[in-house]
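Q: Provide a 3D model corresponding to the input given below.
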Amino acid sequence: MTMAYTSQTAINEAIRRDWKGHIERELKGNILPFWIKHAVDEANGGFYGALSNDLVVDNDVPRSAVLTARILWTYSTAYRSYGDERYLTMARRAYDYLTQKFWDHPFGGIYWTLDRHGQAINDRKHVYAQAFAIYGLSEYYRATHEPESLQLAQELFRLIETHSFDAVNGGNIECCSREWGALADMRLSEKEPECRKSMNTLLHLMEAYTNLLRVWPDEELKVKQRGLIEIFLRRIINPHTHHFKLFFDDEWRSLSDEISYGHDIEGSWLIVEAAEVLSDADLLAQARVEAVKMAQAVYREGLDTDGAVLYAATPHGVTNDEKHWWVQAEAVVGFYNAYQISSQDHLAEAALHLWDYIEAKFVDRTNGDWFKVLSRAGVPYAEHFKVGPWECPYHHSRVCFEMLQRLNHTQE
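A: Residues are numbered from 1 along each chain as shown. As a prediction, this is how the structure comes out:
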């Protein structure tokens, strides 16, 4: 879709209409049918542990709760948006697998990983996984109004706040044991430093609570959500650089100087969304100001010369120059959100050019869906999973859902 668009050109109706057409064709013609056709494991139930770029199944890879919950969110949103029964069937498959296989019936909550037979491999209760289960379950309730899905989301909220909330310093610790007891190592992955709290887990907990608030405006939930938004504005966002700090001890001392451009731009719009759904005018005003500053920081420091967003840096420079699919997807929304707030045309231009880059480089015209990681030069890493524990349809379907909604409204 390359368009004649400059920083002196507003997003006019012709550009808006053409962009929407490209996005909806990508969503309905590629992303959503790909996962229905290629990710479903008919023999064992649920979804394959992994699938290569050339569509070879690897069922020895553990099945993650994150993958299942994100598929649940994606197809619940698709059904709510389009009413297509194929999307409902996929959502129900994910719902059944999450609540029957991943749910720990003796102790409550969601296991981290299963084997292909549905047996727990890692049974710890990471708040990250519980959050995505809430995100998916609440969206399933929005789509179907089936009461059990809301009840399970409410149960997860209570488990999280009972066992992981830090009543002294605020926020939530990373992880608990199967029985919701203490763990020495609570890391999300081996790539991360040991920490008690992380931006990433808290960001997705806030995201989950936003969606739960849409269907359950509970007063305790509002209090917890307000606390999370305030933590981001006061503790997690560096007021000097407008990047997220990533890892913390209990008292919010930062444990790393790493910068994650993808999380910065994703978080910039999720904080605004959280404050909007909470209906807190003061927090919303603060979130909007910070969202623009964060988007500007990524625009200045994280954009490569080809318009794609690099992966990671420190104050001393770029440390990872790969292009990851989820970073580009979130950046389209984040830049456009900042444009809607600020009316700064170069931010809309960045979003539009990034969508062009996605269509040119990330969309797999041969086997379908998107490549997940490219080199700095834009060459796909063929060995990287297309479907896997982290390689889910949620980021690249969500940019489509979000942008279709935003492009249906003129700039405010």
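Q: Sort out which residues of stretch 49-62 are buried, please.
A: Buried residues in stretch 49-62, defined by neighbour count with 16 or more other C-beta atoms under 10 Å: 49, 50, 51, 52, 53, 59, 61, 62. Any C-beta I mention is one placed from the backbone N, CA and C, and that applies to glycine too.
Q: Could you do stretch 273-293 as well?
A: In stretch 273-293, counting by 16+ other C-beta under 10 Å, buried: 273-275, 277-278, 280, 283-284, 286-288, 290-293.
Q: Could you point out which of those is nearest to residue 179?
A: Distance to residue 179 across these (C-beta to C-beta) is lowest for residue 274, with 30.6 Å.
Q: ok, the closest one to residue 48 distance?
A: 33 Å (C-beta to C-beta, to the nearest Å).
Q: Now for the buried residues of stretch 49-62: which two are most distant?
A: The distance between the two most remote of the buried residues of stretch 49-62 (C-beta to C-beta) is 19.6 Å, for 53 and 62.
Q: Point out the other helices and strands that the helix or strand harbouring residue 214 packs with.
A: If you go by DSSP states H and E, residue 214 is part of helix 199-215. Helices and strands touching helix 199-215, by 3 or more C-beta pairs under 8 Å, 6 or more residues apart in numbering; DSSP states H and E, are helix 127-144, helix 147-163, helix 219-231, helix 261-278.
Q: Any idea which of those gets closest to residue 187?
A: Among the helices and strands packed on helix 199-215, helix 127-144 sits nearest to residue 187 (C-beta to C-beta), with 10.5 Å.
Q: what's the model's confidence in the closest one, averaged?
A: Computed over helix 127-144, the mean pLDDT rounds to 98.
Q: was I right about residue 203 contacting residue 269?
A: No. Applying C-beta atoms under 8 Å as the test, residue 203 and residue 269 come out as separate, 11.2 Å apart.
Q: And the two? Which one has more around it.
A: The neighbour comparison of residue 203 against residue 269 (other C-beta atoms under 10 Å) goes to residue 269, with 25 against 22.
Q: give the contact list for the residue nearest to that one when sequence neighbours are not counted.
A: Nearest non-adjacent residue to residue 269, counting by C-beta to C-beta, 6 or more residues apart in numbering: residue 337, 3.9 Å away. When contacts are counted by C-beta atoms under 8 Å, 6 or more residues apart in numbering, residue 337 touches 268, 269, 272, 291, 295, 406.
Q: give me the number of residues near the last one?
A: With neighbours defined by other C-beta under 10 Å, the count for residue 406 comes to 19.
Q: Nearest residue to it in space, ignoring adjacent ones along the chain?
A: Using C-beta to C-beta, 6+ apart and skipping residues adjacent in sequence, the residue nearest residue 406 is residue 336, 6.0 Å away.
Q: related to what we said a few turns ago, any chance of the helices and strands packed on helix 199-215 in CSV, plus distance to residue 91?
A: Shown next, in CSV, are the helices and strands packed on helix 199-215 (distance: least, C-beta to C-beta, whole Å):
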stretch, distance to residue 91
helix 127-144, 6
helix 147-163, 10
helix 219-231, 23
helix 261-278, 22
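Q: do you know which of those lies nearest residue 22?
A: Between residue 22 and the helices and strands packed on helix 199-215, the shortest gap by C-beta to C-beta is with helix 261-278, which sits at 20.4 Å.
Q: Now do that closest one against helix 199-215, angle only.
A: Interaxial angle, helix 261-278 versus helix 199-215 (axes from the mean of the first three to the mean of the last three C-alpha atoms, to 10 degrees): 30 degrees.
Q: Report the mean confidence score over whichever helix or strand comes after helix 261-278.
A: Later in the chain than helix 261-278, the nearest helix or strand by DSSP H and E is helix 281-301. What helix 281-301 shows for mean pLDDT is 98.
Q: what packs against helix 281-301?
A: Helix 281-301 packs on helix 219-231, helix 261-278, helix 325-342, helix 345-357, going by 3+ C-beta pairs under 8 Å, 6+ apart.
Q: rerun at 6 Å
A: helix 261-278, helix 325-342 (3 or more C-beta pairs under 6 Å, 6 or more residues apart in numbering; DSSP states H and E).
Q: JSON lines please, covering those and showing distance to residue 379.
A: As requested, the helices and strands packed on helix 281-301 are exported to JSON lines (distance: least, C-beta to C-beta, whole Å):
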{"stretch": "helix 261-278", "distance to residue 379": "19"}
{"stretch": "helix 325-342", "distance to residue 379": "14"}
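Q: Let me have those in JSON lines, adding mean pLDDT as columns.
A: Formatted as JSON lines, the helices and strands packed on helix 281-301 follow (pLDDT from 0 to 100):
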{"stretch": "helix 261-278", "mean pLDDT": "98"}
{"stretch": "helix 325-342", "mean pLDDT": "98"}
